[in-house]
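>>> Requesting a structural model of the entry that follows:
(3 chains)
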Amino acid sequence: MSERKDWELYEIFVRARGGLDHKHVGSVHAAGAEMALEHARDLYTRRLEGVSIWVVRSADIVASDPTDSDPFFEPARDKIYRHPTFYNIPDEVETL
Amino acid sequence: MYTQGLLTPSPKSPAAVEDAELLARFQARIDREEKIEPKDWMPDQYRQTLVRQISQHAHSEIVGMLPEGNWIGRAPTLLRKSILIAKVQDEGGHGAYLYSAAETLGVSRAELIDQLLSGRAKYSSIFNYPTPTWADIGAIGWLVDGAAIMNQIPLCRCSYGPYARAMVRVCKEESFHQRQGYDIMLQLARGTPAQRQMAQDAFNRWWWPSLMMFGPSDGASQHTALSVRWKIKRFTNDELRQKFVDFTVPQAHFLGLTVPDPLLHLDESTGHYRFGDIDWSEFQAVLAGNGPCNRERLAARRAAHEDGRWVREAALAYADKLTSRTRSVA
Amino acid sequence: MIAEPRALAADKTALFEYVLRLADTSLVLAQRLGAWVGHAPAIEEDLGLANTALDLLGQARLLLAYAGEIEGAGRNEDVLAFLREEGEFRNIALAEQPNGDFADTIVRQFLIDAYQVELYDRLQGSVDTQLAAIAAKAVKETRYHLRYSRGWVVRLGDGTSESHARMQGAIDRLWKYTAELVTADELDSRLHAAGVAPDHEAVVTAWRTRAREAFSEATLDMPAGASYAWFGKQGRHTESLGQLLAEMQYLYRGHPGAAW
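Here you go, the predicted structure:
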């Protein structure tokens, strides 16, 4: 019953309207990128959800590994001096 | 649409001794309401439960296209025809969102579809009932989608991220489904005697199966405890069923319909409607494959799959040709 | 608004007939496509075919409402859709041909999409402002339909030997129904002269080019001529239309006067 192979999996990113980033919304199966665009359009923008679509082969996405998340992300945690709220500026000093 | 209560035990629970520490950390994340994402560590049984539930849910959406699709050709106005096509199309879309969520757990859609077509996977039994009249389209939207929403809203907060996000999308679209169903019933209820009769007849046929959609009573359901602990499920079958009855009975009265349950009454002390016993032997029979349309539904899905095989293969062959042509040019 | 005086004062019946040709072709094709929903080769194609069906139904509703307005006899879109008999339908006979397999559906769709794109594109310049406005909306939708169907023509034509054979078979079967597409009749000419309809020859030439290019890319042969000419647009239909209408109209006709 099962087929030689399935249509390839594509990840779909949709820009909801001008000025916003493309956002991941899900995936579709398609034979080729053009078809993936059409499938994404039919599946993810039936209710005016988008003005632009990106499709990327799922196999081409390189993701960070959750088991690496400590070395990846923890080092940013203690650099509180990067944030503006770290600094106490006297109230008299304006527009800073 | 939906699948609660369909969960059947996994073939065999691989009682592999999961690392106790990992398991504790996993449970702690769940308890903190953190979402689990595809590449995160998760217990095998969590993964299996999700694959089963999400794929059953997806299958239900896909099979669910058939009973309503049956009326696209005969919808009584052009507007109703448009609404119905959009609605049935949404069911297909929901199936696609859900297969997509299931695939993040490491199973392919082809495998899942294979499980459906070979009869190894379940789908919601509700779609094994026939749609002999137009009023069935109203009743399905109102009752079946209504019950589905009741089940699905808590799933938007499910602990597994991709499933929760798919459900957010599904729920947004589902309330259109319920309202268009009720709108059909309203028109019929305000219509000719023949139309009112059609509405009551459909209501009689869909009422009990809709209550069964919530699955066996809590005592009889095998999966509730673990699913609740893992926040895959947040309410019990009986809680949701009661809520559905409380919401739906006044809507039926508004339509002037009689609920086909002589024992139904409002319990003044609790504010809840008490209803008669559900015939679980019917539920079990339909689940076991002996409902009015089980064979027809699967046969229709198999035919679509088989008839479409040459199309899918040709598309692949063409994509391969394109790739090799691009390569040879470069 | 009906454009007076050049277009229509002359001949409301002619305009009514012409609008019905456009309306019925979209309606009948949408009815056919609706039958695919739930049965397509892949879920994504269920969605794609449904989207096309919805666009076509939307066009049909606008056009039928306009036809009813022109006629001025109180017939709304539903009365026109559900209470006319086959001889009163003005769709091209190609639209009513059965779905067959996916190749038949795609070939039928492509031939009509390519035609409608050229027609609606030019119809935007019609002196009939209502028709021009409907065409402006329809042409956007139809360009997408064409992208979809043309994509499949090429994919299936140049896919496997089986898909190629099925596509060529579908083209050869359906080609005779293009005769009425390429032939302007007296009504087409009259409305063109009135500035309502576009130059039929220009539409046909552009359509032919689109078909030739797509078939060539798809490694498919384009037949030379038609063996027989149906004229659905004049109400001469194949047997399929009656069956289609029997299904489509049954419920509406079964409850005269009922609201739904």
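>>> what residues does the stretch 51-200 of chain C put near chain A?
C:51, C:147, C:148, C:151, C:155 (CB under 8 Å from any CB of the partner chain). Every C-beta, even on glycine, is put in place using the N, C-alpha and C of the backbone.
>>> Could you confirm the last one falls within a helix?
To tie it back to what came earlier, the one meant is residue C:155. Yes: counting by DSSP: H, G, I helix; E, B strand; the rest coil, residue C:155 is located in a helix.
>>> residues contacting the residue nearest to it when sequence neighbours are not counted?
Spatial nearest neighbour of residue C:155, chain neighbours left out: residue B:318 (4.4 Å); criterion: CB to CB, 6 or more residues apart in numbering or on different chains. Residue B:318 is in contact with A:31, A:32, C:154, C:155, C:156, C:158, C:159, counting by CB atoms under 8 Å, 6 or more residues apart in numbering or on different chains.
>>> Output the worst-scoring helix or strand of chain B on mean pLDDT in PDB with nothing but the alpha carbons.
One helix or strand of chain B scores below all others by mean pLDDT, DSSP states H and E: helix B:224-229, with a mean of 78. In PDB, the C-alpha atoms belonging to helix B:224-229 read as follows (Å, rounded to 0.1, in the frame of the first residue of the first chain):
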ATOM      1  CA  THR B 224      -7.700  10.000  31.000                       C
ATOM      2  CA  ALA B 225      -5.400   9.900  34.000                       C
ATOM      3  CA  LEU B 226      -2.100  10.000  32.200                       C
ATOM      4  CA  SER B 227      -3.300  12.400  29.500                       C
ATOM      5  CA  VAL B 228      -4.500  14.800  32.200                       C
ATOM      6  CA  ARG B 229      -1.200  14.600  34.100                       C
END
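>>> can you list contacts of that helix?
Against helix B:224-229 from outside (CB under 8 Å, 6+ apart): B:7, B:27, B:30, B:45, B:49, B:53, B:218, B:233, B:234, B:236, B:237.
>>> Which residues of chain B lie near chain A?
Residues of chain B lying near chain A (CB under 8 Å from any CB): B:37, B:39-41, B:86, B:89-90, B:93, B:96-97, B:100-101, B:103, B:108-111, B:114, B:117-118, B:165-166, B:169, B:173, B:309, B:312-313, B:315-316, B:318-319, B:322.
>>> The closest residue to chain A within the stretch 51-200 of chain C: what's it in contact with?
Of all residues in the stretch 51-200 of chain C, the one sitting closest to chain A is residue C:51 (5.4 Å; CB to the nearest CB). Shown in contact with residue C:51 (CB under 8 Å, 6+ apart): A:42, A:46, B:89.
>>> List the buried residues of the helix ranked longest in chain B.
Using DSSP state H, we find that the single longest helix of chain B is helix B:294-329. Neighbour counts over helix B:294-329 (16 or more other CB atoms under 10 Å in any protein chain shown) mark B:294, B:297-298, B:300-301, B:304-305, B:308, B:310-319, B:322 as buried.
>>> what is the rounded mean pLDDT of the helix or strand encompassing residue B:147?
Using DSSP states H and E, residue B:147 maps to helix B:145-155. Mean per-residue pLDDT for helix B:145-155: 92.
>>> Tell me the pLDDT of the residue lying closest to residue A:31 once chain neighbours are set aside.
Distances taken as CB to CB, 6+ apart place residue B:315 nearest to residue A:31, at 3.7 Å, with adjacent residues excluded. Per-residue pLDDT puts residue B:315 at 97.
>>> now the chain, which segments are flagged as low pLDDT?
Since no chain was named, I'll use chain A. Along chain A, segments meeting pLDDT under 70 span A:1-4.
>>> sorry, should have said chain C
Along chain C, the parts satisfying pLDDT under 70 run over C:1-10.
>>> Tell me where it has helices.
Using DSSP H, helices in chain C cover C:12-34, C:43-71, C:77-83, C:93-96, C:102-123, C:129-157, C:161-174, C:179-182, C:186-193, C:200-217, C:239-254.
>>> Quick check: buried residues in the last one?
Neighbour counts using 16+ other CB under 10 Å place C:240, C:241, C:244, C:245, C:248, C:249, C:251, C:252 of helix C:239-254 among the buried residues.
>>> do the third one as well
Within helix C:77-83, the residues that count as buried by 16+ other CB under 10 Å are C:77, C:78, C:80, C:81, C:82.
>>> ok, and which of those reach chain B?
Within the set of the buried residues of helix C:77-83, contact with chain B (CB under 8 Å from any CB) is found for C:77, C:78, C:81, C:82.
>>> right, and the last one touches residue C:254 too?
No: at 10.4 Å, residue C:82 and residue C:254 do not qualify as touching, with contact defined as CB atoms under 8 Å.
>>> host element of residue B:259?
Per DSSP H and E, there is no helix or strand for residue B:259.
>>> meant to ask about residue A:27, not that
Going by DSSP H and E, residue A:27 is in strand A:22-30.
>>> can you check residue A:20 too?
Counting by DSSP H and E, residue A:20 is part of no helix or strand.
>>> From chain C, how far off is it?
Using CB to the nearest CB, to the nearest Å, residue A:20 is found at 23 Å from chain C.
>>> Now that residue. Its backbone dihedrals?
Residue A:20 adopts backbone torsions of phi -100, psi 160, taken as degrees, to the nearest 10.
>>> what's the answer for residue A:54, then?
Backbone torsions for residue A:54, taken as degrees, to the nearest 10, come to phi -110, psi 140.
>>> before we move on, what about residue A:92?
Main-chain torsions, residue A:92, degrees, to the nearest 10: phi -70, psi -20.
>>> what's the most buried one of the helices of chain C?
helix C:93-96 (a mean of 27; mean count of other CB atoms under 10 Å in any protein chain shown).
>>> Which strands or helices does that one pack on?
With contacts defined as 3 or more CB pairs under 8 Å, 6 or more residues apart in numbering or on different chains; DSSP states H and E, the packing partners of helix C:93-96 are helix C:12-34, helix C:102-123, helix C:179-182, helix C:239-254.
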